[in-house]
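# predicted model and sequence follow; I will ask about them next.
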Amino acid sequence: MSQSKMNKINLNKRKMKRLKEHGITLVALVVTIIIMLILAGIALNIALGDNGLIKHTIDAIDENKRASYQEILSVIKTGVDMKALSEKLSDEEHFQELKNEINKEIESGNLKGATLSVEENKLRVITKERFVYDITMDSIAYIGIQGKNDENLPNVKEGDIEITLSEEKWTKGPIIVTITPKINIENFTLQYSTDETTWQKYTAPFEIHENGTIYARVVNGLSEYKGKSMKEVTIIDRLEPSVTFKTKETINSITVEATGTDDESGKNGDGNSGIGKYYFSMNEGPWVPEGGQDATQVKENEYVFEGLNPGTTYKIKVKVKDKAGNEKVSEVKEISTKKELIVTKEVFQSGKIYHNENGNVEFVEFENGKEGLRITGNGAYKSDTCANKWDIEINTDDYKKLQFQVRKGKDHGVIRILLDSKDRLFSRYYTELSADWKDVSIDLSEYNGMHTISFGGGYVDHSGNLDSRTEICDIKFTN
């Protein structure tokens, strides 16, 4: 290579470096040329080539504009491989950049009154004088002048272009859109758009993924059209709902009440389909009401898991599904059923213990390993009977039964169970006892509230025989 050519290349490299330092990109260079062509009213089809775009650009621009862009044009003409430039700017990213740059020129006033749209894989610029240009990354073509009043151009009225959707109810998408012309559009092009800016030739059904408006029109080669059809899409909901829940526990059940929300209407083009259905699961079991678990529906959003063990922890979760089919599963919560109230030594000691000179009440462990009361001596029905008495709040959601085992420990044992508040609510006597343990269950479902309960015992005929003895074990309040 000759020294003169080397010097020329180095000069061009320095010029390109200086332009880069001033923030001028390859896309900006192309846009500059495009704007100058449009402003000059060039009615040519100019390709990016070594002897194409540059030559026509320089020849077309008047002296004033040519002077202001002389350095840029000379650098391009003498130092840029236009074929390589075309290839580099042919990807989608640079095409979008080209669109943005032209938009800036329109907004800044350099192309005042012009409009920009995207049709297929090209940018269409229509100047205020109605000149139509098609621009791609490797060419700019003058198409013609709008306003020739194409008499054959269809005048689209409502119903002339039918826009149908694959879904008519709430969906999370996508929706298939089909456009069918009901009029003759031979020699014209059917186009669609979702923003009235980017228009595509309609060739087959297409997908949409968010709500909005679909437009359809029939155009000639100059993008002229008369009327258009449109259809609103409002049934897409892609956002998952949210769900929380609260519980209410008894000894053998857990009630779960769920609350779901689907209130993100309008966010990112999504609608609000509303809550469709709730599902409940315990210990990773199958979802209720789809089957598998022992649960009773109370309301649409409330279920009761029944038949559970007292004082046991269960893992609960809830799922909500909106009407579009989006789902959300809650966090897992560990919920424990309430424990049965068992009369332990501590409970015995917390109550009032009554003794007299003829008898005694004590808390003992029996030979069967269970604990309870041993009441000896004294008459069972006297006010000064030996007894253990304590206060208890009976909540029939928790405690519906009093259960225990009882036996005659010696001679004529008898037991009296007394439930009292301001008025005596009931008094139960069990006289037919033997040396074997007898199961007893007392229904408390009618007695909500704070009450006093006492266990007393002694000799059946009031004689106060010191050898009489009644034994009670496994005393508990349960459901």
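Thanks, I have the structure now.
# wait, isn't residue 174 in contact with residue 207?
Yes - using CB atoms under 8 Å, residue 174 is in contact with residue 207, at 4.1 Å. Backbone N, C-alpha and C define where each C-beta goes, glycine included.
# and those two? Which one has more around it.
Comparing residue 174 with residue 207 by other CB atoms under 10 Å, the one with more neighbours is residue 174, at 15 against 10.
# what about that one, distance to residue 272?
Taking CB to CB, to the nearest Å as the measure, residue 174 falls 19 Å from residue 272.
# low-confidence ranges in the stretch 101-250 of the chain?
Applying pLDDT under 70 to the stretch 101-250 of the chain flags the ranges 120, 137-139, 148-149.
# correction: the stretch 351-479 of the chain
Ranges of the stretch 351-479 of the chain meeting pLDDT under 70: 354-359, 377-387, 395-397, 410-414, 416, 420-425, 457-467.
# how about the strands in it?
352-354, 359-365, 371-377, 387-394, 401-410, 413-420, 424-430, 438-443, 449-459, 469-478 (DSSP state E, counting those that start in this stretch).
# the inter-axis angle of the last one versus strand 387-394?
Looking back up the chat, that one is strand 469-478. With axes from the mean of the first three to the mean of the last three CA atoms, to 10 degrees applied, the angle from strand 469-478 to strand 387-394 works out at 10 degrees.
# OK, contacts around residue 215?
By CB atoms under 8 Å, 6 or more residues apart in numbering, the residues touching residue 215 are 192-194, 196, 228-230.
# output these in TSV; the columns should cover secondary structure and neighbour count.
Converted to TSV, these look like this (DSSP: H, G, I helix; E, B strand; the rest coil; neighbours: other CB atoms under 10 Å):
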residue	secondary structure	neighbour count
192	strand	20
193	strand	19
194	coil	17
196	coil	12
228	coil	18
229	strand	21
230	strand	14
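# just the closest of these to residue 128, please.
Closest approach between the contacts of residue 215 and residue 128, by CB to CB: residue 196, at 18.9 Å.
# list the buried ones in stretch 150-169?
Neighbour-count burial for stretch 150-169 flags 150, 153-154, 156, 160-161, 163, 165 (criterion: 16 or more other CB atoms under 10 Å).
# stretch 310-330 now?
Neighbour-count burial for stretch 310-330, counted by 16+ other CB under 10 Å, picks out 310, 314, 316-324, 326, 328, 330.
# turn the contacts of residue 215 into JSON lines, columns for distance to residue 218.
Shown next, in JSON lines, are the contacts of residue 215 (distance: CB to CB, whole Å):
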{"residue": "192", "distance to residue 218": "11"}
{"residue": "193", "distance to residue 218": "13"}
{"residue": "194", "distance to residue 218": "17"}
{"residue": "196", "distance to residue 218": "15"}
{"residue": "228", "distance to residue 218": "8"}
{"residue": "229", "distance to residue 218": "10"}
{"residue": "230", "distance to residue 218": "14"}
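# which one of those sits closest to residue 405?
Nearest to residue 405 among the contacts of residue 215 is residue 194, at 77.6 Å by CB to CB.
# how close does the nearest residue to the closest one once chain neighbours are set aside get to residue 279?
Distances taken as CB to CB, 6 or more residues apart in numbering put residue 212 closest to residue 194, at 5.5 Å, once the chain neighbours are dropped. Separation of residue 212 from residue 279 (CB to CB) stands at 32 Å.
# of the two, which one has the most company?
residue 279 (19 against 15).
# now do the SS call for that one.
strand (DSSP: H, G, I helix; E, B strand; the rest coil).
# how close does it sit to residue 213?
36 Å.
# what do you get for residue 440?
76 Å.
# now residue 339
61 Å.
# would you confirm that residue 319 contacts residue 278?
Yes - here residue 319 reaches residue 278: they are 7.3 Å apart, a contact under CB under 8 Å.
# what do those two both touch?
Counting by CB under 8 Å, 6+ apart, the shared contacts of residue 319 and residue 278 are residue 243.
# what's the burial count for the nearest residue to residue 426 once chain neighbours are set aside?
Distances taken as CB to CB, 6+ apart put residue 419 closest to residue 426, at 5.1 Å, once the chain neighbours are dropped. Neighbour count of residue 419, defined by other CB under 10 Å: 19.
# residue 419 pairs with what?
residue 426, residue 453 (DSSP bridges).
# got the contact list for it?
Applying CB under 8 Å, 6+ apart, the residues near residue 419 are 425-427, 444, 447, 451-453.
# can I get these in JSON lines with distance to residue 101 and neighbour count?
Shown next, in JSON lines, are these (distance: CB to CB, whole Å; neighbours: other CB atoms under 10 Å):
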{"residue": "425", "distance to residue 101": "90", "neighbour count": "17"}
{"residue": "426", "distance to residue 101": "92", "neighbour count": "13"}
{"residue": "427", "distance to residue 101": "97", "neighbour count": "13"}
{"residue": "444", "distance to residue 101": "83", "neighbour count": "23"}
{"residue": "447", "distance to residue 101": "84", "neighbour count": "18"}
{"residue": "451", "distance to residue 101": "86", "neighbour count": "17"}
{"residue": "452", "distance to residue 101": "89", "neighbour count": "17"}
{"residue": "453", "distance to residue 101": "88", "neighbour count": "24"}
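# got those residues as JSON lines, with distance to residue 136 columns?
Listed next are these as JSON lines, based on distance: CB to CB, whole Å:
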{"residue": "425", "distance to residue 136": "94"}
{"residue": "426", "distance to residue 136": "96"}
{"residue": "427", "distance to residue 136": "101"}
{"residue": "444", "distance to residue 136": "87"}
{"residue": "447", "distance to residue 136": "88"}
{"residue": "451", "distance to residue 136": "90"}
{"residue": "452", "distance to residue 136": "94"}
{"residue": "453", "distance to residue 136": "93"}
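# from these, which is closest to residue 344?
residue 453 (15.1 Å).
# residue 399 is in contact with the closest one, correct?
No - with contact defined as CB under 8 Å, residue 453 does not count as touching residue 399 (10.9 Å).
# can you list residues touching both of those two?
Counting by CB under 8 Å, 6+ apart, the contacts common to residue 453 and residue 399 are residue 392.
# state the distance from residue 474 to residue 251.
Counting by CB to CB, the gap from residue 474 to residue 251 is 16 Å.
# between those two, which is the more surrounded one?
Remark: of residue 474 and residue 251, residue 251 carries more neighbours, 23 against 17, as counted by other CB under 10 Å.
# from memory that one sits against residue 306, does it?
No - between residue 251 and residue 306 there is no contact under CB under 8 Å: 11.1 Å.
# before we move on, back to that, could the strands of the stretch 351-479 of the chain be laid out in a markdown table, adding distance to residue 257?
Compiled in a markdown table, the strands of the stretch 351-479 of the chain are given as follows (distance: least, CB to CB, whole Å):
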| stretch | distance to residue 257 |
| --- | --- |
| strand 352-354 | 40 |
| strand 359-365 | 41 |
| strand 371-377 | 38 |
| strand 387-394 | 24 |
| strand 401-410 | 26 |
| strand 413-420 | 33 |
| strand 424-430 | 33 |
| strand 438-443 | 28 |
| strand 449-459 | 25 |
| strand 469-478 | 24 |
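# out of those strands, flag the one nearest residue 285.
That would be strand 469-478 among these, by CB to CB, at 24.9 Å.
# give me the sheet partners of the closest one and which way each runs.
Paired strands of strand 469-478, with direction, are strand 341-342 (antiparallel), strand 371-377 (antiparallel), strand 401-410 (antiparallel) (DSSP bridges).
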